[in-house]
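Asker: using only what follows, build the 3D model:
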Amino acid sequence: MHTKWRKGPGWISRLDRHLVRGVSSFPGGNHDTFFRRLSASANHGKLWMGAAAVMALFPGRPRRAALHGLIAQAVASAVTNAGFKTLLPRTRPLPEHLPVFRFVHPQPTSSSMPSGHSASASAFALGAGLVKPALGAALAPAAFGVAYSRVHTGAHWPSDVFFGSAIGAAAALVTRTWWPVRLPFPEVTRTVTDAPELPGGSGLTIVVNTLGGSFTEQTAAALQEVFPDAHIESVQPDESLAVAIQTAATLDGTRALGVWGGDGTVGAAAAAAVEHSLPLLVLPGGTLNHFARDTGTGSLKEAVIAATRGEAAHADVGIVTVERGLAGNPETAELIMVNTASVGLYPDLVRRREQLQPALGKPLAGVVAMFRTFAVGTPNTLIVDGTRHKVWIAYVGRGRYYPRDHAPLLRPVLDDGVLDVRMITADESFARLRLLWSVLTGTVATSRITHLREATEVRIESEGSPMALAVDGEALAGVRSVRVRVEPRALTYYSPRS
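Answerer: The predicted structure is shown next:
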């Protein structure tokens, strides 16, 4: 087979030589320089990496198109250079086949069959086009030009270019399933209710956590300006936040409880609001403000509108029962969860993803964060609802989060009555390689290592040493077991209806 391909099969060789003679008959000109430079620009995929860098500047589908194009290109290049060039050795065109001024110098020394440049060009252009067709159409002339330039400069026979292009197209189609397009998120829906109208903040008591991520010396004054009749209590670092919130909830004249701080502070305030049957006004004051965003009060203006008009809605809460201490004499505590609870590497993953997101965008930041987190992490041995697992991440969200994969970001409904349970396990052989491969290919959600389900209650126990548990971003060490259940529509929160 090798001998046959050194000159090419008869009819293919004859067709190649006929087409090359046609190309060689073209008169010389500036186009020779153009195609020589275009061909050189695609060496080692430089042209496509540059195009991907430009596309990555635009979040959303252009950035995903760039990522898919690079993945397809990498696969096509590997298959071409490590596979077919070894299996199908073939001599490249000789100087006598083309004018000397057009012939590429130095001539590549690897097999002519198939064309790696053509494979990369086709893979990147089609891979990007499958995600965003307009970009694929814009890249197509460049891809076609690179493929033709390999014949024009004598680097390849036409059949090499055709075969390479076919490999690239196949790589784009195969890798398309690795990064499926995420379905649109459901519409935001809320179960509306009425709450006391608080014009000027009358009847509102606000607790300000001075350790909140965006706190400044002017924070309390700014809140007093928009809520002139509210009672505002600033909690200093050496004071008990839990005690301050409970005190605020029981002050005479308090008809609603406001809270300024991060998700952990909001969780403590939600517990007091539920206990004392008060509506909760969430003011964005932390680093991430997940719950404020979900309630529709992600800005101070939105919070003022909702409180003034008495516009509110219902939310479920999670009841988290934690056992800590010695196995024979555990200490039990009960917490309110408004967002998430997690065991394992999830807090590290979220922290890294949030740091990378401004520069890389959500999808790519999630991929890089997963690689960094799991490259050095170790799994925990846990018993989840009676079944033993080695677990990288055990995650429990209060409500359905989207997208439905390893990187939940948004929660359109706050009273759907379910817990969103997600685990990434290390039960299978070659667990770390499986995990990193699924992250690279975007198939974590469909991989055997991932377990996605919904429940109204879940129990997690440590086997051996105690585990670290994070509830709404607040860490608890020495946990022996945790049980999470849903309390439907237990919390009333202010939320603008428009």
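Asker: now this structure, which segments are flagged as low pLDDT?
Answerer: The chain contains residues with pLDDT under 70 at 1-9, 95-106, 177, 179-183, 213, 286-288, 327-328, 362-363, 405-407, 439-442.
Asker: tell me the domain ranges of it?
Answerer: Here the domain parsing of the chain from automatic domain parsing is 2-176, 198-309, 320-490.
Asker: would you format the ones you listed as CSV with mean neighbour count and distance to Ser498 included?
Answerer: For glycine as for every other residue, the C-beta is placed from the backbone atoms N, C-alpha and C. Rendered in CSV, the data for the domains of the chain read as follows (neighbours: other Cβ atoms under 10 Å; distance: least, Cβ to Cβ, whole Å):
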stretch, mean neighbour count, distance to Ser498
domain 2-176, 19, 26
domain 198-309, 20, 8
domain 320-490, 18, 17
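Asker: including distance to Arg190, could these go into TSV?
Answerer: Shown next, in TSV, are the domains of the chain (distance: least, Cβ to Cβ, whole Å):
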stretch	distance to Arg190
domain 2-176	26
domain 198-309	8
domain 320-490	7
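Asker: out of the ones you listed, flag the one nearest Val188.
Answerer: Ranking these by their distance to Val188 (criterion: Cβ to Cβ) puts domain 320-490 first, at 4.6 Å.
Asker: what is the end-to-end distance of the closest one?
Answerer: 14 Å (Cα to Cα, to the nearest Å).
Asker: and if you look at stretch 201-220?
Answerer: Using Cα to Cα, the end-to-end distance of stretch 201-220 comes to 13 Å.
Asker: what's the offset of it from the middle of its chain?
Answerer: Relative to its chain's centre, stretch 201-220 lies at 32 Å (Cα atoms, centre = their mean, to the nearest Å).
Asker: check stretch 156-165 too.
Answerer: That offset, for stretch 156-165, works out to 37 Å (Cα atoms, centre = their mean).
Asker: Pro496: which of the domains of the chain is closest?
Answerer: domain 198-309 (4.4 Å).
Asker: can you tell me which residues contact Val79?
Answerer: 119, 167, 171 (Cβ atoms under 8 Å, 6 or more residues apart in numbering).
Asker: what do you get for Arg404?
Answerer: Applying Cβ under 8 Å, 6+ apart, we find Arg404 in contact with 445, 452.
Asker: looking at this, it is in a strand?
Answerer: No. Under DSSP: H, G, I helix; E, B strand; the rest coil, Arg404 sits outside any strand and is assigned coil.
Asker: sorry, back to before: of the domains of the chain, give the one that comes closest to Phe185.
Answerer: Set against Phe185 and scored by Cβ to Cβ, those come closest in domain 320-490, at 4.7 Å.
Asker: out of the domains of the chain, which gets nearest to Pro184?
Answerer: Using Cβ to Cβ, those put domain 320-490 closest to Pro184, at 9.2 Å.
Asker: other SSEs contacting the helix or strand hosting Ala221?
Answerer: Here Ala221 sits within helix 219-226, counting by DSSP states H and E. Identification of packing neighbours for helix 219-226 by 3 or more Cβ pairs under 8 Å, 6 or more residues apart in numbering; DSSP states H and E yields strand 204-209, strand 231-235, helix 300-309.
Asker: out of those, which comes closest to Val266?
Answerer: With distances scored as Cβ to Cβ, the stretch of the helices and strands packed on helix 219-226 nearest to Val266 is strand 204-209 (9.4 Å).
Asker: each with direction, which strands does the closest one pair with?
Answerer: Strand pairing for strand 204-209, using DSSP bridges, gives strand 231-235 (parallel), strand 256-261 (parallel).
Asker: how about the helices in the stretch 251-400 of the chain?
Answerer: For the stretch 251-400 of the chain, the helices defined by DSSP state H, counting those that start in this stretch cover 263-275, 290-295, 300-309, 346-360, 362-376.
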